[in-house]
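Asker: Let me see the structure of the following:
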Amino acid sequence: MKKFKKAFRRLPDPRADNARHDLLEVLFIALASMLCGAESCSDMADFGQSKEELLRLFLHLEHGIPSHDTFSRVFRLLKPQAFECAFRRFMAAFAKANRIKLTGVVAVDGKALRGAYERGGKATPLHMVNVFAVDARMALAQQKASGRNETAGALEVLDLLSLEGCIVTADALHCTRAFAATVRERGGDYVLAIKANRGRLFTAVTQQFARSGKRSTAEQIDPSTHDRREVRRATVMRNTSLADLYGFPGAAAIGRITSRRRLRKQRADAPVVRHYLLSKYIAPKRLLHVTRSHWGIENQLHWVLDVHFAEDSNRSRCDHAPENLAILRRLALNILRTHPDPASLRRKIKRAGWDNAFLMAALSHMR
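Answerer: Predicted coordinates for the structure are as follows:
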């Protein structure tokens, strides 16, 4: 609890001065309940009642367990910017204590909270931009995309991070001068997908590959899985003129990946060609790894949040509750994922709810 308090003690309490329950105790119970699979504020209150004896070992609980209304009020009123700042502070200390390197490939992508919509607004749910350290498999930050403007949200969240030693990846939506400049200013490099939406810049990239010139190539044959076999070929060419001709900050090389997939007992599909802008020259083999790693944010973060934490089906939608609960879910995911037990995430969540010793070990893991 002391380490938790150290990271979140500067978090301002938005409630009145006569609030009965300590803010940090409310947040700690909410986090512990989410480690055990809680999905709503009612679940948090039920968890507190059933685990009160255990919680009193390290919490004062002067006025007992908070009600579901208290949990709801806290998350509705808490400022997401301050909570997100405390989350980043906690994760930096957590990674340092557990010797987790947050460098390498850092993926940026948007995710809709599909249950967080107002009445009549099902087609426009709350949209978040997530930053995910692929190698460490940890969520680093998130930012609400105001007006569902994902590009603006990405710039805001990147501006809060140190990207030294990181290669930032993003899809073609973020292949913009502003995004590239922000990554470079924060000390990182980028590998950005580029498509025809970039007009003359995309044409220049494709034309260079069509012409003769010095290039490096590498090929990778993925193991046959799910009755399919895929061959991926990467080509990288140096090109520093794009930065001057098209004003694209830091562009130093271009990459192309050609994928050919064949399903079992069928003809091979037509090859799929993707192009990339790079802020530094990297070997083709490394490019294959970086571009494939980008999808870790979908498979290891977004999918996990929906399947194991029921994020898409969560109907919290009032005030700041959707954003704050999303931050809490990512904190719980990071803690469970880095716990040394080799069991799957699903089993860890169930075991935390059933086994007090395991739950205590998970909470102690926040050293």
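Asker: C-alpha from now on. contacts and neighbour counts both.
Answerer: OK.
Asker: Which strands and helices lie in contact with the helix or strand where K3 lies?
Answerer: Taking DSSP states H and E as the criterion, K3 maps to helix 2-8. Counting contacts by 3 or more Cα pairs under 8 Å, 6 or more residues apart in numbering; DSSP states H and E, helix 2-8 is packed against helix 23-35, helix 80-97.
Asker: Can you add distance to K6, mean pLDDT and mean neighbour count and give those back as CSV?
Answerer: Listed next are those as CSV, based on distance: least, Cα to Cα, whole Å; pLDDT from 0 to 100; neighbours: other Cα atoms under 10 Å:
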stretch, distance to K6, mean pLDDT, mean neighbour count
helix 23-35, 10, 96, 21
helix 80-97, 8, 89, 18
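Asker: Let me have the ones you listed in CSV, extended by distance to L54.
Answerer: Formatted as CSV, the helices and strands packed on helix 2-8 follow (distance: least, Cα to Cα, whole Å):
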stretch, distance to L54
helix 23-35, 11
helix 80-97, 23
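Asker: looking at the ones you listed, which is closest to A107?
Answerer: Taking Cα to Cα, helix 80-97 is the member of the helices and strands packed on helix 2-8 nearest to A107, at 16.2 Å.
Asker: Just the CA trace of the closest one, in CSV.
Answerer: C-alpha atoms of helix 80-97 as CSV (Å, rounded to 0.1, in the frame of the first residue of the first chain):
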residue,chain,number,x,y,z
PRO,A,80,-8.7,11.8,-16.1
GLN,A,81,-5.6,13.9,-16.9
ALA,A,82,-4.5,13.7,-13.2
PHE,A,83,-5.3,10.0,-13.0
GLU,A,84,-3.5,9.3,-16.2
CYS,A,85,-0.4,11.2,-14.9
ALA,A,86,-0.4,9.1,-11.8
PHE,A,87,-0.8,6.0,-13.8
ARG,A,88,2.3,6.8,-15.9
ARG,A,89,4.2,7.7,-12.7
PHE,A,90,3.2,4.4,-11.2
MET,A,91,4.1,2.4,-14.3
ALA,A,92,7.5,4.0,-14.6
ALA,A,93,8.3,3.1,-11.0
PHE,A,94,6.8,-0.4,-11.5
ALA,A,95,8.9,-1.1,-14.5
LYS,A,96,12.1,0.1,-12.8
ALA,A,97,11.5,-2.0,-9.7
